[in-house]
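# coords below, sequence missing:
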């Protein structure tokens, strides 16, 4: 397998970075200290297999630009409540994988489902998973065997990295802030005109004296689609994480994807652009470090709920049989997949159990995690309703089942609003009303996390 790594001088990036390891000493009473633990594991497949992200891919990977990683952070509040967040260089979070991992973590560590947040960068240069999205490609049976074998290994690695992060818990100080990076562009026609979210939410975790950065959690709302080649690569998000870890030795940098389903890094299709965007994102994080950050208070509460979202229509067996004659390979593959599901399960569900999660850290941060490929309208709305500067909205979390359009995008249609449901093997577009159901659920969980919880 070919392996190469691209190094560019900072002069090639039109961003001035000034990285420092010295931080103002944080004076905290020991009773108010959080504990934090970190772990990192390589999740690059050991043998060549199919990549995911683009339905036209027709062969296994040919090499790598860099390894793929899973990173975990465990946080324990001064009152003793523990949560874990996992960041992965993956295309998605298969719902079956999430169930296996969360069940194991609950059994081993006593955490509830609300206490576990699984996220991905949505890199399009990561492995195909044992998930519905992989059915959009014409994958031979022998390659499916590799995918399913890898999935089992991946599940175990994620369980282990969470356990390692919990074992690493040490007294720490948490501070938060918001930076900016401006390379994301709304890709819906006319390109560049629609809404964007250029905020870079940042959580910095330091030693009690403030001299050592132990961890960095940061996010951005943009697709990881700089390249579409046959190489393993974490895209701009992986570059940003690696860049921050190199400049802050001993730190673990965890990226999460925001509501970037309708956002692309433009221009693209050159590797050096991905490196540039990674450094721009890292610069947005560093900008926060160099300003005044807000300490996170000692409170921690969590909530998780699945809300049923309705499909517009569930096709009949006869309609699916007719789709088998379509000139679109994607429509034919979906029809075959839904017919298989119909045969195995007896019916196709008219709804999908959509995951919504809320974490409340101190009074300074409300962290919302939504499943699926969420368009930018959700983050803009929720920040406006829940508080600018203190609300984070993560997409691609806990289950990536398809695109999640806003009511506006659903009405407009197009890829994010309708046709993307075909490669995701979903029966139809969503029924009107999904935005209200999701936002109402978020608001209910925010109220739930405002109440005192047992540690």
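Done, it's in. A quick note: this is a predicted structure, and the numbers were derived from the prediction, not measured.

# What residues sit buried inside stretch 146-161?
146-147, 150-151, 154-155, 157-159, 161 (16 or more other CB atoms under 10 Å). Any C-beta I mention is one placed from the backbone N, CA and C, and that applies to glycine too.

# Same question for stretch 424-439.
Neighbour-count burial for stretch 424-439, counted by 16+ other CB under 10 Å, picks out 424-430, 434-435, 437-439.

# farthest-separated two in these?
Taking CB to CB as the measure, the buried residues of stretch 424-439 span a maximum distance of 26.1 Å, between 425 and 439.

# before we move on, back to that, relative to residue 50, which of the buried residues of stretch 146-161 is nearest.
Proximity of these to residue 50 (CB to CB) peaks at residue 147, which lies at 6.6 Å.

# In contact with that closest one, which residues are there?
49-50, 127-130, 134, 139 (CB atoms under 8 Å, 6 or more residues apart in numbering).

# So how do I select the buried members of those in PyMOL?
The PyMOL command for the buried members of those (criterion: 16+ other CB under 10 Å) is given here:
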select buried, resi 49+50+127+128+129+130+134+139
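
# Can you pull out the low-pLDDT segments for the stretch 1-150 of the chain?
The stretch 1-150 of the chain contains residues with pLDDT under 70 at 1-31.

# one more time with 80, if that's ok
1-32 (pLDDT under 80).

# can you give me the mean pLDDT across stretch 161-176?
Here stretch 161-176 scores 98 as its mean pLDDT.

# For that stretch, buried residues please.
By neighbour count with 16+ other CB under 10 Å, stretch 161-176 contains the buried residues 161-166, 168-169, 172-176.

# Narrow these to those in helices?
Within these, residues falling in helices by DSSP state H are 161-166.

# Looking at the residues you listed, spot the one nearest residue 341.
Using CB to CB, residue 162 comes nearest to residue 341 of these, at 30.7 Å.

# now the farthest one out in the protein, which residue is it?
residue 318 (37.0 Å; CA atoms, centre = their mean).

# List the buried residues of the helix or strand hosting that residue.
Taking DSSP states H and E as the criterion, residue 318 maps to helix 317-323. For helix 317-323, a neighbour-count test (16+ other CB under 10 Å) marks 320, 323 as buried.

# what's that helix packed up against?
Helices and strands touching helix 317-323, by 3 or more CB pairs under 8 Å, 6 or more residues apart in numbering; DSSP states H and E, are helix 329-345.

# pLDDT of stretch 384-403, averaged?
pLDDT averaged over stretch 384-403 gives 98.

# Leaving out the residues flanking it, which one is nearest to residue 341?
Excluding its sequence neighbours, the residue lying closest to residue 341 (CB to CB, 6 or more residues apart in numbering) is residue 348, at 6.4 Å.

# wait, what's in contact with the one you found?
The neighbours of residue 348, taking CB under 8 Å, 6+ apart as the test, are 314-315, 338, 341-342, 427.

# Swap in 7 Å and give it another go.
314, 338, 341-342, 427 (CB atoms under 7 Å, 6 or more residues apart in numbering).

# ok, so of these, who is nearest residue 280?
residue 427 (39.5 Å).

# Do I have it right that that closest one meets residue 311?
Yes - using CB atoms under 7 Å, residue 427 is in contact with residue 311, at 5.3 Å.

# can you tell me which residues contact residue 293?
175-177, 204.

# right, I mislabeled it, should have said residue 37
74, 165-170.

# That one is in what secondary structure piece?
Going by DSSP H and E, residue 37 is in strand 34-42.

# What about the closest residue to residue 250 other than its chain neighbours, how many residues nearby?
Nearest non-adjacent residue to residue 250, counting by CB to CB, 6+ apart: residue 212, 6.3 Å away. Residues lying near residue 212 (other CB atoms under 10 Å) number 17.

# do you know how far residue 212 is from residue 172?
Residue 212 sits 10 Å away from residue 172, going by CB to CB, to the nearest Å.

# Which neighbours do the two have in common?
Contacts common to residue 212 and residue 172, judged by CB under 7 Å, 6+ apart, are residue 206.

# What ranges in the stretch 251-400 of the chain fall below the confidence cut-off?
Using pLDDT under 80, the stretch 251-400 of the chain has no residue that qualifies.

# could you pull out the strands for it?
252-257, 263-265, 294-295, 300-310, 351-361, 365-370, 373-374, 391-394 (DSSP state E, counting those that start in this stretch).

# who does the closest residue to residue 387 other than its chain neighbours bridge with?
Nearest residue to residue 387, sequence neighbours excluded (CB to CB, 6+ apart): residue 366, at 6.9 Å. Beta-bridge pairing of residue 366 under DSSP bridges involves residue 360, residue 391.

# In contact with residue 366, which residues?
Neighbouring residues of residue 366 by CB under 7 Å, 6+ apart: 358, 360, 386-387, 390-391, 446.

# mind running it again at 10 Å?
Residues in contact with residue 366 (CB atoms under 10 Å, 6 or more residues apart in numbering) are 358-360, 382-383, 386-387, 390-393, 442, 445-446, 449-450.

# could you flag which of those are buried?
Using 16+ other CB under 10 Å, the buried members of those are 358-360, 382-383, 386, 390-393, 442, 445-446, 449.

# Of those residues, just say which sits nearest to residue 78.
residue 360 (14.4 Å).

# The closest one reaches residue 303, doesn't it?
Yes - using CB atoms under 10 Å, residue 360 is in contact with residue 303, at 8.4 Å.

# overlap in contacts of those two?
By CB under 10 Å, 6+ apart, the residues touching both residue 360 and residue 303 are 445-446, 448-451, 453.

# Out of the residues you listed, which sit inside helices?
Of the shared contacts of residue 360 and residue 303, the ones assigned to helices by DSSP H are 445-446, 448-449.

# biggest separation within those residues, which pair?
Going by CB to CB, the pair spanning these furthest: 446 and 448, at 7.2 Å.

# what's the overlap in contacts for the two?
Common neighbours of residue 446 and residue 448 (CB under 10 Å, 6+ apart) are 303, 358, 360.

# Tell me how far stretch 169-183 lies from the chain's centre.
With CA atoms, centre = their mean, to the nearest Å as the basis, stretch 169-183 stands 17 Å off its chain's centre.

# swap that for stretch 285-300, please
On CA atoms, centre = their mean, the centre of stretch 285-300 falls 21 Å from that of its chain.

# Perfect, that will be all.
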